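1. Fold the stuff below for me.
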Amino acid sequence: MDADRSPVLLRELDGFFAGAIPPSLAVELSKVTFLDDFGALVLIELKRLMMRTNGAFRLENPSVEIQQVLKTFQFENLEKEASLPKKKKTGVLVRLGDSAIAHVRDFRYLISFIGAIVLALLYVCRHPRSLRTEDTFSCMQRTGVDALPIVCLISFLLGLIMAFMSSVQLKQFGANIYVASLVSLSMVRELGPIMTAIIVAGRSGSSFAAEIGTMKISEEVDALFTMGFDPTRFLVLPKLIAAVIVVPMLTLFSDVFAILGGLLVGVTMLDLTTSAYMSQTMKTLSSFDITLGLVKSGVFAMLIAWIGCLRGFQAQGGAASVGQATTSAVVSSIFLIILTDSMFSVVLRYW
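-> From the prediction side, this is the model:
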């Protein structure tokens, strides 16, 4: 039974077992003088065929040489091929319970992370030199300066669109001048902080999550802890402080460029003068409106940095986990921004 004879044997055996497979099979090897790898594979296929049908299989009168060859292939240890287990479908209640447990675990980690940030802030207040100032300035540049062009462009276009759409209605009543009031008040109190925060969440929040998530996957965070560094103070605080400082500044630029966009529509389409438009804007806005917008943007900045770093620390597994953490950071940040803004509106309504 060698390489030349084995294909012939396999064809003959296929024809023999085409009709029905016997309940037992005995292979007589007394006249077989030579057995190589191909012949051993023929015997292995026969044994597997009988095992699949729960039939009996045995070898009769194998020589010592044949036994040595079969021992090389662990012929006696061949077992029945295990069928792949079918994945059980989980019920609705099981999935609901798993989701609830995951959210509770996530909430516990969220609370502990807030505590770690508070402790790190207290430590930095007592030891200011422990803050990584170079990293803080670098985060301020990436979060604020690099985002300035896109924030200004979007705010300018948003102010232009608001002025154009509102002028269509106000022009019918001869109230063109109130376009300035609508654009300035809506941008300074609501849309300016929200749009700026959403842009920062998409740019910097995702960057924070990806950076820390990559460090967590590559065990750099564990290395920092092993060397005696506090990962929260080392990685989170520079990003948090940088975001809280620069996002209100970005909001101011957003308000100014949105007013300029409305000014463009007022001057070119509504026959308003620049001085009249700016005078109406100044009459409409108060210091409380500007302060409220800055406070909102500061709170939004804390939420963005906090949730971005949190999702980064929660990354585990492989590269796919970093992508999931980045997506979750952006979605969670936008949700918290809208939720917090609605809470501000309700509180101010009944205050």
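2. Can you give me the domain assignment for this structure?
-> 6-77, 131-349 (automatic domain parsing).
3. Looking at these, which is nearest to Gly91?
-> Between Gly91 and the domains of the chain, the shortest gap by C-beta to C-beta is with domain 131-349, which sits at 25.0 Å. Yep, even glycine has a C-beta here, placed from its N, CA and C like the rest.
4. gap between the two ends of the closest one?
-> 39 Å (C-alpha to C-alpha, to the nearest Å).
5. wait, Leu25 sits on Gly55?
-> Yes. With contact defined as C-beta atoms under 8 Å, Leu25 counts as touching Gly55 (6.4 Å).
6. So the two - more neighbours on which side?
-> Neighbours of Leu25 and Gly55, each counted by other C-beta atoms under 10 Å, are more numerous for Leu25; the result is 17 against 14.
7. what's the strand or helix carrying that one packed up against?
-> Following DSSP states H and E, one finds Leu25 within strand 24-28. Judged by 3 or more C-beta pairs under 8 Å, 6 or more residues apart in numbering; DSSP states H and E, strand 24-28 is in contact with helix 37-52, strand 56-60.
8. Would you mind finding the most buried of the domains of the chain?
-> domain 131-349 (a mean of 19; mean count of other C-beta atoms under 10 Å).
9. Mean confidence (pLDDT) on that domain, please.
-> For domain 131-349, mean pLDDT rounds to 91.
10. Give me the distance between that domain and the centre of its chain.
-> Relative to its chain's centre, domain 131-349 lies at 20 Å (C-alpha atoms, centre = their mean, to the nearest Å).
11. same check, this time on stretch 99-117
-> Stretch 99-117 sits 17 Å away from the centroid of its parent chain (C-alpha atoms, centre = their mean).
12. What residues sit buried inside it?
-> Phe113, Ala116, Ile117 (16 or more other C-beta atoms under 10 Å).
13. To which secondary structure element type does the first one belong?
-> Following DSSP: H, G, I helix; E, B strand; the rest coil, Phe113 is assigned to helix.
14. Who are the contact partners of it?
-> Listed by C-beta atoms under 8 Å, 6 or more residues apart in numbering, the contact set of Phe113 reads Thr232, Trp306, Cys309, Leu310, Phe313.
15. Tell me which of these fall in helices.
-> If you go by DSSP state H, the contacts of Phe113 have Trp306, Cys309, Leu310, Phe313 in helices.
16. Now do the contacts for the residue lying closest to the second one once chain neighbours are set aside.
-> Setting aside the residues directly before and after it, Cys309 is nearest to Val236 in space (C-beta to C-beta, 6 or more residues apart in numbering), at 4.6 Å. If a contact means C-beta under 8 Å, 6+ apart, then Val236 has Ala116, Ile117, Ala120, Ala305, Cys309 as its contacts.
17. Of these, just say which sits nearest to Val322.
-> Nearest member of those to Val322, counting by C-beta to C-beta, is Cys309, at 13.6 Å.
18. ok, the residue nearest to Ala147 when sequence neighbours are not counted - contacts?
-> Leaving out its chain neighbours, the residue that sits closest to Ala147 by C-beta to C-beta, 6+ apart is Arg203, at 5.5 Å. Residues near Arg203 by C-beta under 8 Å, 6+ apart: Thr143, Asp146, Ala147, Ile150.
19. In helices, which of those fall?
-> Short answer: the contacts of Arg203 in helices (DSSP H) are Ile150.
20. JSON lines for the contacts of Arg203, including distance to Asp222?
-> Shown next, in JSON lines, are the contacts of Arg203 (distance: C-beta to C-beta, whole Å):
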{"residue": "Thr143", "distance to Asp222": "26"}
{"residue": "Asp146", "distance to Asp222": "30"}
{"residue": "Ala147", "distance to Asp222": "32"}
{"residue": "Ile150", "distance to Asp222": "36"}
